[in-house]
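Visitor: I need the structure of the sequence given here:
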Amino acid sequence: PQEIIMHNIGSIDSIANVVFLAANKRFATPASAFLLHGISWTFQQNSSLTYTQMQETMSRFDAAEQLSAQIIGNHTSLTAEEVRELFRQGQSKTPQFALEKGLVQEIKDVQIPSGAPLHAIVPPNIV
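Guide: Residues are numbered from 1 along each chain as shown. This next block holds a predicted model:
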């Protein structure tokens, strides 16, 4: 029941796009960007997989990508297939693209009212 407002003031990348879309109201500053790309998997050095394990891994890749594409498609004007095509492109998109496709409702500079609660998500390696 809580209204959530998010502002993209830099770049929203990868799975953060799904988190961003959880907001009721979404805005992007004119200099922001959105990066949609496919799922990645890190294998340990010198690891080996059987044929069946590789098929299972590919099935996980496909399921995770389908779910991400479905979530993004459900909250934008994009279809899941269009999202999957964007994943294959792996290109950074403009705020105008985000507006046209429904990732944001408006392009504007951030204006947070005095006294409004503010929460920022910052990766731990950024100081």
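
Visitor: for the rest of this, base every contact and every neighbour count on C-alpha atoms.
Guide: OK.

Visitor: could you measure from the residue minimising distance to the centre of the chain over to G10?
Guide: Among the residues of the chain, the one closest to the centroid is N17, at 1.6 Å (C-alpha atoms, centre = their mean). Plainly put, N17 is 13 Å away from G10 if you go by C-alpha to C-alpha, to the nearest Å.

Visitor: for I39, same thing?
Guide: Distance of I39 to G10, computed by C-alpha to C-alpha: 22 Å.

Visitor: for the protein, give me the ranges with low pLDDT.
Guide: Low-confidence segments of the chain, defined by pLDDT under 70: 126-127.

Visitor: now the helices for the protein?
Guide: Taking DSSP state H as the criterion, the chain contains helices spanning 16-20, 51-74, 80-89, 95-101.

Visitor: flag every buried residue along the longest one.
Guide: For helix 51-74, a neighbour-count test (16 or more other C-alpha atoms under 10 Å) marks 65-66, 68-73 as buried.

Visitor: rewinding a little: for the residue nearest to the centre of the chain, give me its contacts.
Guide: 34-36, 72 (C-alpha atoms under 8 Å, 6 or more residues apart in numbering).

Visitor: show me those that map onto strands.
Guide: Those of the contacts of N17 mapping onto strands are 34-35, per DSSP state E.

Visitor: closest one of the contacts of N17 to K25?
Guide: For those, the closest approach to K25 (C-alpha to C-alpha) belongs to I72, at 14.8 Å.

Visitor: burial of A31, as a residue count?
Guide: When neighbours are defined as other C-alpha atoms under 10 Å, A31 has 14 of them.

Visitor: and if you look at Q91?
Guide: Neighbour tally, Q91, other C-alpha under 10 Å: 13.

Visitor: if we ignore the residues flanking it in sequence, what's nearest it?
Guide: Using C-alpha to C-alpha, 6 or more residues apart in numbering and skipping the chain neighbours, the partner closest in space to Q91 is L35 (6.0 Å).
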